[in-house]
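# My questions are about this predicted structure, shown below with the sequence.
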Amino acid sequence: MMSEIKKIKNLKEFSTSADRFEGANLLCPGCAHSIIVREVLNATNDDLILAASTGCLEVCTAVYPYTSWDASWIHIGFENGSSAVAGAEAMYKALKTKGRLKQPERTPKFVAFGGDGATYDIGFQWISGCFERGHNMMYVCLDNEVYANTGGQRSSSTPIGASATTTPAGSISYGEKKNKKDMMAIMAAHGAPYVAQVSPSKWKDMVAKIQKGFAAEGPVFINAISACTTEWKFAPEDTIAITDLATDSLVFPLYEIINGTELNITYRPKNIVPVRDYLGAQGRFKHLFTKQYEYLIDEWQTRVDLKWEQLQRREEARV
Amino acid sequence: MADTMELRDIEVWDGNMAASHALRQVQVDVVAAYPITPSTPIVENYAGFAANAYVDGEFVMTESEHGAMSCCIGASAAGGRVATATSSQGFALMVETLYSASGMRLPIILNVVNRAIGAPLNVNGDHSDMYMGRDSGWIQLDAYNPQHAYDLNFIAFKVAEDHDVRLPAMVHQDGFMTSHTAQGVHTMTDEQGFNFVGEFKPMNDMLDLDHPVTHGVQTEEDWHFEHKARQQHALMTAVIPKIEAAFDAFEALTGRRYNLVETHQMDDAEMAVICMGTSVETAMEVVNELRANGIKAGVVGIRVFRPWPMEQLAAVLKDVKAIGTLDRSSPHGTMGMLFNEISGSLFNTDTKAVLTNYIYGLGGRDLTKAHLVGIFNDLKANMDAGKPTTPLQQYIGLRGPKLSFF
């Protein structure tokens, strides 16, 4: 039975439509994780079976004897949120075959959340396995480009020039030396039916993608930019403004890839802002605004321009 | 509905095949697994059953053993019967998740076909992986032959899934010596096997959509200790009575008797060896021969390794004067595990047996009858002297000069 796609009229209705993730949690004020999670959960009326890898979301939402989750939720370890939900999905299929589901008429959705550490780094093998096997699940990466839960160590999602505790900026170092790993391309290469990059500040675009993802048969990868007030070093009230700078500077372009081949750009900023503005708004890039390292800002701009051009070419060529 | 398989009363099965048929007969809902020698045939046989409609659950071939146990945990928390198999390096890779499974009180069954752990890499049987799991909070049952590997799987499901227990269980068998050695195995019909374990009864199941549950929470110094204490409480109080009840029920059904501690010629034994796995049956043969010469020797086999049957062992050993503990795992810097555990089991009792330790069979090295005769000669000398006449720890069957410690 296909479940109906939920109709969402406006932001007010959307933001309050289903409280399966409670406001009572321990995430930092201004953390984008909670906004992203609510947008994912609120995009559907279907039942949800959720998993989280160890990280900010996990440690802040299930501290015994409390839980912030009004949907079944599981956490095992840092690397295996994907496999946890894949196992639950396998059990759903088994009990469906055997006629032992307690509510056989309902069609739960299976969603795993993980930070970029759990996704790009330590959990990568498990995610790849789940996608290769084709579980009917959605994996949402809450990409804040750093190991935020443990105090700001670099991950393979940390961009060049960011100062992290394990790649600190100093007199002879501009911070992180490696470019951010292209997870979108890697996950699309698995042949997944749907892969998309989303921003919680562009909520209409995001909800459309989450709903497309829920409607797809097979594994779906969502990469969500999650601005981190603590580690990116901006004021908690600026989360959405920073997120908008990321999408409008095209540092974090919004696009989708269907069946590993068909690429669509889903958001074209009316006024593209310079990358400099995005970098300048965050403390983690502060050292780039010195004589010694400012050449990196131009390099950043060039890199972003090239990527944007490449995405447009792929979209045009339908490859 | 899965097809029924007609079995002969006695099938010629190796330990792997026996375990596979047990998993088939209890109709596991999800098997998530990753192949590794020597447990691979369990997974392959099961895949064959799935390909021919003899099982109708989900069979998930994962990308690693860690992924396999992670999937098993998700599946078990979702609410159904779950099992897998592994060995050695794969077991080691799983260890992190073993603690998760027991801490989350999920009744997963893991067939461990015991194998050495590298380096140096070795595919043959020893007990290094079994020993590695002993603090992980799982029930651990030990098979000595393919019949046991078959039977103990049914016992494991029945005990682990009991709502008073809700703990995962391992069924151990020796790599190659049991897993790849075909013997006659008495079977149950599919119906008998399934009914012995019964329908899976879910508890705190994620798939009960009207009653959401949170699995795998965070606790720090405020509650972690209490959670671990409850786990220990269940292991120490609930499990042994349930295992004994399952052994009784199994005997009533099949006529085959299992005990927490297996004994051979122990009623009037003056000296005994204690061991696990296939070595128990080798030792039984040697004891029969010694008995023919009037030597009062006996064998104690550990059947239930965790929880440790401390009182039962103390009772069985109360009258012996010399004990040899045989460990098939390198203790790496201390006495063998069985030496330490048996010491602990006897220390506050009246038993004053002379206790010694033998390290043997690492990486699949044979334990011969001659080795055991030599051990019993040591025990006889220790008994007569009333004190150790040899070093406390000796390596048996090692090439080159003799090695001993303490």
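Looks like it came in fine. Note that the coordinates shown come from a computational prediction; the quantities given were computed from them, not determined experimentally. Residues are numbered from 1 along each chain as shown, chains lettered A, B, ... in the order given.
# that's a strand at B:Gly324, yeah?
Yes. Applying DSSP: H, G, I helix; E, B strand; the rest coil, one finds B:Gly324 inside a strand.
# my guess is it contacts B:Ile274, does it?
Yes. The pair B:Gly324 and B:Ile274 qualifies as a contact (Cβ atoms under 8 Å) at a distance of 7.2 Å. (Each C-beta comes from the backbone N, C-alpha and C, glycine too.)
# Give me the neighbour count for residue 109.
Answering for chain A, as no chain was given. Neighbour count for A:Lys109, taken as other Cβ atoms under 10 Å in any protein chain shown: 24.
# wait, chain B
Using other Cβ under 10 Å, B:Ile109 has 32 neighbouring residues.
# Excluding chain neighbours, give the residue nearest to the closest residue to chain B within the stretch 101-250 of chain A in space.
Per Cβ to the nearest Cβ, A:Gly129 is where the stretch 101-250 of chain A lies closest to chain B, at 3.1 Å. Nearest non-adjacent residue to A:Gly129, counting by Cβ to Cβ, 6 or more residues apart in numbering or on different chains: B:Glu63, 3.1 Å away.
# related to what we said a few turns ago, look at the residue of the stretch 101-250 of chain A closest to chain B and report its pLDDT.
What the model reports as pLDDT for A:Gly129 is 98.
# thought it was touching B:Met61?
No. The pair A:Gly129 and B:Met61 fails to qualify as a contact (Cβ under 8 Å) at a distance of 9.2 Å.
# more neighbours, those two?
The residue with more neighbours, out of A:Gly129 and B:Met61, is A:Gly129; 25 against 17, by other Cβ under 10 Å.
# so which strand or helix has the closest residue to chain B within chain A?
Closest to chain B within chain A is A:Gly87: 2.6 Å, counting by Cβ to the nearest Cβ. If you go by DSSP states H and E, A:Gly87 is part of helix A:81-98.
# ok now do B:Tyr144, which residues does it touch?
Taking Cβ atoms under 8 Å, 6 or more residues apart in numbering or on different chains, we find B:Tyr144 in contact with B:Asp174, B:Thr178, B:Glu262, B:Gly277, B:Thr278, B:Val280, B:Glu281, B:Gly301.
# What does the pLDDT read for it?
98.
# Equivalent analysis for A:Gly23, please.
88.
# Restricted to helices, list the contacts of B:Tyr144.
Counting by DSSP state H, the contacts of B:Tyr144 place B:Val280, B:Glu281 in helices.
# Generate the PyMOL command that creates a selection of the buried members of the contacts of B:Tyr144.
Selection of buried members from the contacts of B:Tyr144 for PyMOL, criterion 16 or more other Cβ atoms under 10 Å in any protein chain shown:
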select buried, chain B and resi 174+178+262+277+278+280+281+301
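# CSV for the contacts of B:Tyr144, including pLDDT and distance to chain A?
Formatted as CSV, the contacts of B:Tyr144 follow (pLDDT from 0 to 100; distance: Cβ to the nearest Cβ, whole Å):
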residue, pLDDT, distance to chain A
B:Asp174, 98, 29
B:Thr178, 98, 29
B:Glu262, 98, 35
B:Gly277, 98, 31
B:Thr278, 98, 33
B:Val280, 98, 36
B:Glu281, 98, 37
B:Gly301, 98, 35
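# I'd like the contacts of B:Tyr144 as CSV, with distance to A:Gln301 appended.
Formatted as CSV, the contacts of B:Tyr144 follow (distance: Cβ to Cβ, whole Å):
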residue, distance to A:Gln301
B:Asp174, 64
B:Thr178, 66
B:Glu262, 75
B:Gly277, 66
B:Thr278, 69
B:Val280, 73
B:Glu281, 75
B:Gly301, 73
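# Could you report the neighbour count for B:Thr254?
Neighbour tally, B:Thr254, other Cβ under 10 Å: 17.
# Tell me if I'm right that it and B:His186 touch.
Yes. With contact defined as Cβ under 8 Å, B:Thr254 reaches B:His186; the gap is 6.9 Å.
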